[in-house]
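>>> sequence plus the predicted model coming up.
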2 protein chains.
Amino acid sequence: MPRFVNKCTRSGNVCSVSRPARRIPDATVARLPLYHRGLMELVRAKRSTVSSVALAELTGVNAAKVRKDLSYLGTYGTRGVGYDVENLLHQIGRELGLTQNWPVVIVGIGNLGRALATYGGFSARGFRIAALLDADVSKVGTQVGGLAIRPTAELEQIVHDEAVAIGIIATPGQAAQDVADQLVQAGVRSILNFSPAVLAVPDDVAVRRVDLAVELQILSFYQQHREEPGLGAADLLADDPLLTLATGA
Amino acid sequence: MPRFVNKCTRSGNVCSVSRPARRIPDATVARLPLYHRGLMELVRAKRSTVSSVALAELTGVNAAKVRKDLSYLGTYGTRGVGYDVENLLHQIGRELGLTQNWPVVIVGIGNLGRALATYGGFSARGFRIAALLDADVSKVGTQVGGLAIRPTAELEQIVHDEAVAIGIIATPGQAAQDVADQLVQAGVRSILNFSPAVLAVPDDVAVRRVDLAVELQILSFYQQHREEPGLGAADLLADDPLLTLATGA
DNA sequence: GTTTGTGAACCACTTCACAGCC
DNA sequence: GGCTGTGAAGTGGTTCACAAAC
């Protein structure tokens, strides 16, 4: 029995009720985006309800985990029926803060920065690219994905004017710490770091690191250990969400 | 007292001795690439030994964890002194299978695929891009990073000829499952998936998923929950490696 | 004195299994 | 009969703290 009852009976409509009592475990937080995406697919497919088993299949998470995860958000399911797709999508989106359409800046417009700038997925999933920045003056002014590249010197101004909360670092490793310092200085407290550098930041700044080579190396380990000692440690990876770009608690 | 003693006294030289007894925990495996990179930096800086505390600082992992992780590989440290940088680098590289210089293929040469193809980090860290593939015939033949794009139809042939073990999927979501099926069919058993799709594969195939939007959404959660309820759950993210491009266990 | 390697204690997450509700 | 929500049990990972080795 949850401390805050927030039952939602009228399906097809979205109810916003009281906040959950318990702290949401980090592991659950890391899976919420997965459920969010699965639910978006279900909405597109015009499904109105979904069971924990179905959502589990869709997301590659097991059903007990799905139920426990969702129970941290509140009591949004109906026994014998399942979860209302639209309402659950809304609740997860709210919990993740996606209603805010966070403005983000991308610093470092090399090949990766360019790919991120033109990646359609961000706008569709709660984020707006507020600016592209690069230290290379010869790049400044160039248009990428409808935005002109601006000099890194304008960072503080942009963060202030656009209320930027999240910074993406896509520079080479050597430049990354500098950029991080500037972001922190400007007031940004959430950083997604695609450089291989390990950043030093104050305690109240959250950093997630995504290292492409690291991901390959982890796969390499399991590949290697499948070939040699006989015992195939294969599906060990199957249900880790993270894997993901890299960081965490 | 480790079951297999493999002490290495001559520093400056690399000893390859018996394999470790215990199974290496997944969480440790995910951190080995971090140590590997840190050690490469130390080699470049001409440091010959390193303590667990120093390696911890360099990688953002805590020192007790570093020691426990390394102890799974064998007994490579010297009490009162630390670890021999070169030997430890070699041992971790061997454990990760980086001595093999795995050939990888990249399927889907859009902006992200292009960025991956030209990313210098792979070659430096144990991987060789064997081929770039795309289903779009108008792209076929184009040079990217010194390689010509080839049609997806040649996948099986390439995997066979080049002994490709790892496939990278950088296509849009709808195409991903198809590509995965083809990779599996061709014999690839390790897949790095950058599309937002959740792939269905046989049990003996390892998949890691890196979803850019998911990373941002996780940051968004903590940003959001820092702003509203007073209590700042800030540094929760600081020491998870993964976070990594996205997924994992 | 320094630093590793590791049992033991602790904590977080996962899985089970079932009561409660539709 | 079906499916959620959740205590309880189980598992795996982290941290502590110290004996052993240099």
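Perfect, I can see it now. Residues are numbered from 1 along each chain as shown, chains lettered A, B, ... in the order given.
>>> quick one: the helices in chain A?
Applying DSSP state H to chain A gives helices spanning A:26-44, A:52-59, A:63-73, A:85-96, A:111-118, A:121-124, A:155-162, A:173-186, A:212-227.
>>> which of the ones you listed is buried the deepest?
helix A:212-227 (a mean of 24; mean count of other Cβ atoms under 10 Å in any protein chain shown). Using the backbone N, CA and C atoms, a C-beta is placed for each residue, glycine as well.
>>> quick one on the thing from earlier: export the helices of chain A to CSV and tack on mean pLDDT and distance to DNA strand D?
Shown next, in CSV, are the helices of chain A (pLDDT from 0 to 100; distance: least, Cβ to the nearest atom of the strand, whole Å):
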stretch, mean pLDDT, distance to DNA strand D
helix A:26-44, 98, 11
helix A:52-59, 98, 3
helix A:63-73, 98, 4
helix A:85-96, 98, 9
helix A:111-118, 96, 28
helix A:121-124, 88, 26
helix A:155-162, 97, 31
helix A:173-186, 97, 23
helix A:212-227, 94, 13
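>>> in TSV, list these along with distance to A:G146.
Putting the helices of chain A into TSV (distance: least, Cβ to Cβ, whole Å) gives the following:
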stretch	distance to A:G146
helix A:26-44	24
helix A:52-59	32
helix A:63-73	36
helix A:85-96	25
helix A:111-118	9
helix A:121-124	11
helix A:155-162	16
helix A:173-186	23
helix A:212-227	26
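>>> of all those, which lies closest to chain B?
When the helices of chain A are ranked by distance to chain B, counting by Cβ to the nearest Cβ, first place goes to helix A:212-227 at 3.0 Å.
>>> okay, now the residue of chain A found nearest DNA strand C: neighbour count?
Here chain A gets closest to DNA strand C at one residue, A:G80, 2.5 Å apart by Cβ to the nearest atom of the strand. Per other Cβ atoms under 10 Å in any protein chain shown, the neighbour tally for A:G80 reads 6.
>>> just give me the residue right at the centre of chain A.
When Cα atoms, centre = their mean is applied to chain A, the residue found nearest the centroid is A:P33 (6.3 Å).
>>> contacts only, for that one.
A:96, B:211, B:213-214, B:217-218 (Cβ atoms under 8 Å, 6 or more residues apart in numbering or on different chains).
>>> sheet-wise, list the partners of the longest strand along chain A with their directions.
Longest strand of chain A, by residue count under DSSP state E: strand A:127-134. Applying DSSP bridges, strand A:127-134 is found paired with strand A:102-107 (parallel), strand A:147-151 (parallel).
>>> what about stretch A:157-167, how long is it end to end?
From its first residue to its last, stretch A:157-167 covers 14 Å (Cα to Cα, to the nearest Å).
>>> what's the answer for stretch A:100-109, then?
25 Å.
>>> flag every buried residue along it.
With burial defined by 16 or more other Cβ atoms under 10 Å in any protein chain shown, the residues of stretch A:100-109 counted as buried are A:100, A:102-109.
>>> and stretch A:190-206, by the same measure?
Here stretch A:190-206 shows A:190-199, A:201, A:205-206 as buried, counting by 16+ other Cβ under 10 Å.
>>> so how many other residues sit close to the closest residue to A:S220 other than its chain neighbours?
Leaving aside its sequence neighbours, A:S220 sits nearest to B:G97 (Cβ to Cβ, 6 or more residues apart in numbering or on different chains; 4.5 Å). Under the neighbour criterion other Cβ under 10 Å, B:G97 is assigned a count of 22.
>>> can you give me the pLDDT of B:G97?
Here the pLDDT value assigned to B:G97 is 96.
>>> in this structure it contacts A:Q223, no?
Yes. With contact defined as Cβ atoms under 8 Å, B:G97 counts as touching A:Q223 (6.4 Å).
>>> wait, isn't A:V205 in contact with A:N193?
No. If you go by Cβ under 8 Å, A:V205 and A:N193 don't touch, sitting 11.0 Å apart.
>>> ok so, going back, so which of the buried residues of stretch A:190-206 comes closest to B:S123?
A:P196 (13.7 Å; Cβ to Cβ).
>>> from memory that closest one sits against B:G38, does it?
No. The pair A:P196 / B:G38 is not scored as a contact, 10.2 Å apart, by Cβ under 8 Å.
>>> hang on, the earlier thing: out of the contacts of A:P33, which is nearest to B:L132?
Closest approach between those and B:L132, by Cβ to Cβ: B:D211, at 21.7 Å.
>>> would you mind naming what in chain A lies close to DNA strand C?
A:25-28, A:62, A:64-65, A:67-68, A:78-81, A:239, A:249 (Cβ under 7 Å from any atom of the strand).
>>> what do you get if the cut-off is 6 Å, keeping everything else the same?
Taking Cβ under 6 Å from any atom of the strand as the contact definition, chain A meets DNA strand C at A:25-27, A:62, A:64-65, A:68, A:78-81.
>>> okay, and the beta partners of the residue nearest to A:T78 when sequence neighbours are not counted?
Nearest non-adjacent residue to A:T78, counting by Cβ to Cβ, 6+ apart: A:D84, 7.5 Å away. According to DSSP bridges, the partner residues bridging A:D84 are A:T49.
>>> okay, now A:D84: neighbour count?
24.
>>> returning to that earlier point: out of the helices of chain A, nearest to B:A45?
helix A:173-186 (13.6 Å).
>>> please state the offset of the closest one from the chain centre?
Offset of helix A:173-186 from its chain centre (Cα atoms, centre = their mean, to the nearest Å): 21 Å.
>>> then stretch A:194-209?
Mean-position distance between stretch A:194-209 and its chain equals 15 Å (Cα atoms, centre = their mean).
>>> A:G97 and A:G187: what is the separation?
17 Å (Cβ to Cβ, to the nearest Å).
>>> likewise for A:M40?
A:M40 is 31 Å from A:G187, by Cβ to Cβ.
>>> residues in contact with the closest residue to A:Q224 other than its chain neighbours?
Leaving aside its chain neighbours, A:Q224 sits nearest to B:G97 (3.0 Å; criterion: Cβ to Cβ, 6+ apart). Applying Cβ under 8 Å, 6+ apart to B:G97 gives the contacts A:220-221, A:223-225, B:126.
>>> from the residues you listed, which two are the most distant?
A:H225 and B:G126 (14.9 Å).
>>> wait, A:V210 sits on A:I191?
No. With contacts counted by Cβ under 8 Å, A:V210 stays clear of A:I191, the gap being 11.1 Å.
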